[in-house]
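A.B. asks: only geometry, no sequence info:
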């Protein structure tokens with residue numbers, strides 16, 4: 001059989017023996033065909049907000065409006081969403097001072113070129129755009145204490161705004177349950193120390209901090225508090241397919257609208273595991289497979305349906321290399337994955353370091369599975385991160401056979417991020 005896999009900005013074709021493939025595990029996102037167009041879906045969500053007044057009503061009398069936007073690492077269709085959100089604000093208050101605040105969390109800053117790609121030249125030239133910097137002490141302010149005890153510090157522009165709204169998209173998330181909604185505040189526009197506390201080892205280890213789980217998820221609970229404390233009044237979140245086309249839109253209350261969107265994602269993306277010796281997956285292509293750090297997300301999906309001691313074959317272009325200095329350093333030593341994992345899990349919440357959460361999940365996966373990595377990244381870099389580099393599927397399968405000692409069964413997950421394995425079945 002021939003299967004297409006997203007890789008960077010294009011696709012690669014792999015050919016597999018039919019009798020070895022147990023299943024090709026797709027989400028149903030591409031099978032869902034709404035009756036409305038992309039713009040109509042967003043307009044309809046804005047016209048019928050969940051548990052909220054319309055945006056135009058909320059904007060009345062509000063002078064300073066902050067519209068939090070996703071950054072360059074997220075395939076949010078901002079070119080469609082932002083004009084409609086700006087229109088709604090200005091219908092209610094044509095004199096509002098609007099700032100588009102880019103929610104980078106702890107990522108690098110979004111470049112002007114990336115902003116133009118995201119919004120289009122007209123919005124970049126006409127609107128006020130600020131890129132959040134989690135280490136800019138002059139523009140961070142404390143607004144409370146998280147339920148878990150950490151300090152909640154966010155971008156000063158948000159705390160000083162009369163109205164805070166956000167755009168985003170909802171997909172399965174490997175420790176926050178689902179992306180979108182409350183994540184615009186934490187980690188989106190929070191301080192580094194706040195993000196680190198929220199992503200601490202205790203929380204990452206918690207069995208509720210997994211894909212598709214919101215209830216009793218300690219990471220999610222801190223994020224909810226942060227969103228409410230920051231007075232995130234209104235969101236517009238979309239659900240997208242593999243072509244990054246809008247197939248669902250949810251607007252209104254930051255918590256309740258997000259919850260409705262998450263229900264749709266769960267219905268379309270959740271699968272039962274089909275345990276295999278080898279799992280082949282991706283990080284959904286660009287912009288999600290820009291680096292090795294982000295590729296851990298796709299691996300975490302494969303982990304849930306790969307037999308212990310099995311092999312994960314990961315496709316991720318990684319044009320930006322490793323994507324995290326601390327993440328990289330954590331694995332570039334003689335320690336085993338188990339030793340690294342145990343060391344991280346002993347780390348107190350207040351001592352969380354950069355990239356620790358990603359390292360913890362990566363170590364957890366490496367402890368149970370061998371990873372063969374197909375990418376454009378430097379071979380030595382891949383090997384230093386305790387993975388096995390390969391150029392193509394043929395080479396990868398040959399390596400897998402050597403590791404296993406036999407031709408193993410295969411499960412294929414073409415979109416590793418937008419597919420997830422329901423934990424109760426594992």
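C.D. replies: Structure's in. What do you need? These figures come from a predicted structure and were not determined experimentally.
A.B. asks: Which residue ranges of the stretch 151-300 of the chain form helices?
C.D. replies: 156-159, 192-198, 201-205, 218-229, 256-269, 292-303 (DSSP state H, counting those that start in this stretch).
A.B. asks: Mind giving me the packing neighbours of the third one?
C.D. replies: Using 3 or more CB pairs under 8 Å, 6 or more residues apart in numbering; DSSP states H and E as the contact criterion, the secondary-structure elements in contact with helix 201-205 are helix 218-229, helix 337-345, helix 356-368. All C-beta atoms are positioned from the backbone trio N, CA, C, and that covers glycine.
A.B. asks: Just after the last one, pick out the following helix or strand.
C.D. replies: Spelled out, it's helix 356-368. strand 370-374 (DSSP states H and E).
A.B. asks: Show me what that next one pairs with in its sheet, parallel or antiparallel.
C.D. replies: strand 306-315 (parallel), strand 388-390 (parallel) (DSSP bridges).
A.B. asks: Now that strand: average pLDDT?
C.D. replies: Mean pLDDT, strand 370-374: 98.
A.B. asks: One more: stretch 35-46?
C.D. replies: 98.
A.B. asks: what's the closest of the helices and strands packed on helix 201-205 to residue 42?
C.D. replies: helix 218-229 (21.0 Å; CB to CB).
A.B. asks: pLDDT averaged over that closest one - what is it?
C.D. replies: So the average pLDDT for helix 218-229 ends up being 98.
A.B. asks: So what touches it?
C.D. replies: If you take CB atoms under 8 Å, 6 or more residues apart in numbering as the criterion, helix 218-229 is touched by 143-144, 146-148, 150, 152, 154, 175-177, 181-186, 190, 194, 198-199, 202-204, 206, 208-209, 213-214, 254-255.
A.B. asks: Distance from it to the middle of the chain?
C.D. replies: Helix 218-229 sits 17 Å away from the centroid of its parent chain (CA atoms, centre = their mean, to the nearest Å).
A.B. asks: Likewise for stretch 82-95?
C.D. replies: 28 Å.
A.B. asks: can you pull out the strands in the stretch 51-200 of the chain?
C.D. replies: 64-70, 97-103, 128-131, 140-145, 151-155, 163-169, 172-173, 177-178 (DSSP state E, counting those that start in this stretch).
A.B. asks: mind listing what the second one pairs with, with the direction of each?
C.D. replies: In other words, strand 97-103. In the sheet, strand 97-103 lines up with strand 64-70 (parallel), strand 128-131 (parallel) (DSSP bridges).
A.B. asks: which parts of the shortest one are buried?
C.D. replies: I take that to be strand 128-131. Within strand 128-131, the residues that qualify as buried are 129, 131, counting by 16 or more other CB atoms under 10 Å.
A.B. asks: circling back to that earlier point, most tightly surrounded among the strands paired with strand 370-374?
C.D. replies: strand 306-315 (a mean of 22; mean count of other CB atoms under 10 Å).
A.B. asks: one step back: residue 278 is nearest to which of the helices of the stretch 151-300 of the chain?
C.D. replies: helix 292-303 (9.4 Å).
A.B. asks: what packs against that closest one?
C.D. replies: By 3+ CB pairs under 8 Å, 6+ apart, helix 292-303 packs against strand 276-282, strand 306-315, helix 325-331, helix 356-368, strand 370-374, strand 410-413.
A.B. asks: any idea how far the fourth one is from the chain center?
C.D. replies: For helix 356-368, the separation from the chain centroid amounts to 17 Å (computed by CA atoms, centre = their mean).
A.B. asks: quick one: which of the strands paired with strand 97-103 is nearest residue 158?
C.D. replies: strand 64-70 (5.5 Å).
A.B. asks: how much space is there between residue 308 and residue 370?
C.D. replies: Computed as CB to CB, to the nearest Å, the residue 308 to residue 370 distance reads 11 Å.
A.B. asks: go on, residue 162?
C.D. replies: Taken as CB to CB, the span from residue 162 to residue 370 is 54 Å.
A.B. asks: So for those two, which sits in the more crowded spot?
C.D. replies: residue 370 (20 against 17; other CB atoms under 10 Å).
A.B. asks: got the contact list for that one?
C.D. replies: 310-312, 388, 400, 403.
A.B. asks: go again using 6 Å as the cut-off
C.D. replies: 311, 403 (CB atoms under 6 Å, 6 or more residues apart in numbering).
A.B. asks: start to end distance for stretch 334-349?
C.D. replies: Stretch 334-349 has an end-to-end distance of 25 Å (CA to CA, to the nearest Å).
A.B. asks: no, scratch that, I was asking about stretch 71-80
C.D. replies: 15 Å.
A.B. asks: Pull out the buried positions in it.
C.D. replies: 71-78, 80.
A.B. asks: Also stretch 89-103?
C.D. replies: 89-90, 92-93, 96, 98-103.
A.B. asks: For PyMOL, write the selection for the buried entries among the contacts of helix 218-229.
C.D. replies: The command below creates a PyMOL selection of those among the contacts of helix 218-229 that count as buried (16+ other CB under 10 Å):
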select buried, resi 143+146+148+150+152+154+175+176+177+181+182+183+184+185+186+190+194+198+199+203+204+206+208+209+213+214+254+255
